[in-house]
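Q: my questions concern the predicted model and sequence given below.
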Amino acid sequence: MGGGFGGCTINIVEKDHADDFIKSVSEAYKNKLNINCSAYFDNISNGTHLVN
C-alpha cells in the first residue's frame, strides 16, 4: 500500500514473533536501500459494525 518511495506494507504477525520480524525486515530494508524504516503496531478491532 502507499505510493511513495519504499512503499508501505501491512503484515499480520503473531505477537511472539513481532520483534524478530521487525528486526529482520528493518535490516533487509537498510541493506537494500540504505534507509532506515519505521514500524508501527496496531491492534485488530471488531471492524465495521452498527453503532446504536
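A: Sure thing, it's come through.

Q: run through the protein and note the low-pLDDT ranges.
A: Within the chain, the segments meeting pLDDT under 70 span 1-6.

Q: where do the strands of it begin and end?
A: All residues of the chain lie outside strands when identified by DSSP state E.

Q: what about Ile22, neighbour count?
A: When neighbours are counted by other CB atoms under 10 Å, Ile22 registers 17. For glycine as for every other residue, the C-beta is placed from the backbone atoms N, C-alpha and C.

Q: residues contacting it?
A: Ala39 (CB atoms under 8 Å, 6 or more residues apart in numbering).

Q: against Ser38, how distant is it?
A: Between Ile22 and Ser38 the computed distance is 10 Å (CB to CB, to the nearest Å).

Q: go on, Tyr29?
A: Distance from Tyr29 to Ser38, by CB to CB: 10 Å.

Q: and what of Asn46?
A: Counting by CB to CB - Asn46 and Ser38 are separated by 27 Å.

Q: just how off-centre is stretch 25-38 within its chain?
A: 13 Å (CA atoms, centre = their mean, to the nearest Å).

Q: same thing with stretch 14-29?
A: 9 Å.

Q: Asn46 and Ser38: which has the busier surroundings?
A: Between Asn46 and Ser38, counting by other CB under 10 Å, Ser38 is the more crowded of the two (8 against 5).

Q: now the helices for the protein?
A: 18-33 (DSSP state H).

Q: can you report how many residues lie near Asn43?
A: By other CB under 10 Å, neighbour count at Asn43 equals 4.

Q: now it: how far from Lys30?
A: Taken as CB to CB, the span from Asn43 to Lys30 is 27 Å.

Q: ok, now Lys15?
A: 24 Å.

Q: which of those two has more neighbours?
A: Between Lys15 and Lys30, counted using other CB under 10 Å, the more crowded position is Lys30 (12 against 7).

Q: residues touching the spatially closest residue to that one that is not a sequence neighbour, list them.
A: Using CB to CB, 6 or more residues apart in numbering and skipping the chain neighbours, the partner closest in space to Lys30 is Asn36 (6.0 Å). Asn36 is in contact with 26, 29-30, counting by CB under 8 Å, 6+ apart.
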